[in-house]
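[1] Sequence plus the predicted model coming up.
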Amino acid sequence: MEHYFDFDAPLFRTIKGMITKPGKIIREYIHGKRKSYAHPFRFYVLILAMYIIVQQLISFDPISTFSEILGAREAPNPDTAATKGSYFYARHINIFMLIYAFTLSLFSRLFFRKSGFHYAEYLALAFFVIAEYVFINTFIMLGTLISPYFFVLNYLLVLIYPIYVLLSFHQQYNFRNILKAIATSIFAWVLYVLSGQALAILIIKLFNL
């Protein structure tokens, strides 16, 4: 108990560091300082479990929240594969974010190929990013209890936070790197959404959900 809940333990140090100095945290982890920080994949799994518990406790439904923001009065046909896939994808989006880890690391490697970091190292960065994103998103989800418009912050966070982390990680804030970080974030997110949606439809059809 003392090991895991001490505020100087690796978990809390990682959560705090991924907000204040994410680049330093990730570089030190990649360069072998492993005991000081949470393992990126286990960090993601733990934070995801926390998110799911909170989601169940407050009965949060991303689809109804999004519809409330848009003021949608008429729901799409629930019997189509596309609609079923969209609902399945939206309700399990933080599990589907495993795909985002691979798309983010892929485009990080493509756009920053001269950085000297390999795909596996960018994959570690991606898991740190999505774990912290889910952690912050948990509080955004709680904010929807006050107003559904808090949910809009989720869409800003998912695009802006990876840019911040990539710039901090590479320690170069010139115009070229800013453009590469923006492109990485956008392309990774678009590919993740398209592939996640396609996978959700495939699951619906295969298992007749």
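    That came in fine, so what should we check first? The model shown is predicted, which means the values in this text are computed figures rather than measured ones.
[2] Poorly predicted segments of this protein, please.
    1-8, 72-79, 81-82, 209 (pLDDT under 70).
[3] Relative to the whole chain's centre, how far out is stretch 131-150?
    Remark: stretch 131-150 is offset 13 Å from the chain centroid, using Cα atoms, centre = their mean, to the nearest Å.
[4] Point me to the helix or strand that includes the residue nearest to the spatial centre of the chain.
    Nearest to the mean C-alpha position of the chain, by Cα atoms, centre = their mean, lies Ile130 at 3.1 Å. When secondary structure is defined using DSSP states H and E, the element that contains Ile130 is helix 119-143.
[5] In this protein, what residue spans correspond to helices?
    2-5, 10-20, 22-30, 40-58, 62-70, 81-91, 93-111, 119-143, 152-170, 175-207 (DSSP state H).
[6] re the thing from before, could you check the helix holding Ile130 and say which residues are buried?
    121-138, 140-141, 143 (16 or more other Cβ atoms under 10 Å). No exception for glycine: its C-beta is placed from N, CA and C like everyone else's.
[7] what does stretch 189-207 give?
    189, 191-193, 196-197, 200-201, 204.
[8] Now flag whichever of these is closest to Arg113.
    Ranked by distance to Arg113 (Cβ to Cβ), these are led by Leu191 at 17.3 Å.
[9] Tell me how many other residues crowd the closest residue to the closest one other than its chain neighbours.
    Closest residue in space to Leu191, ignoring its immediate chain neighbours: Thr103 at 4.5 Å, by Cβ to Cβ, 6 or more residues apart in numbering. Neighbourhood size, Thr103 [other Cβ atoms under 10 Å]: 21.
[10] Quick check: Thr103 touching Val193?
    No - Thr103 is not in contact with Val193 according to Cβ atoms under 8 Å; the separation is 9.3 Å.
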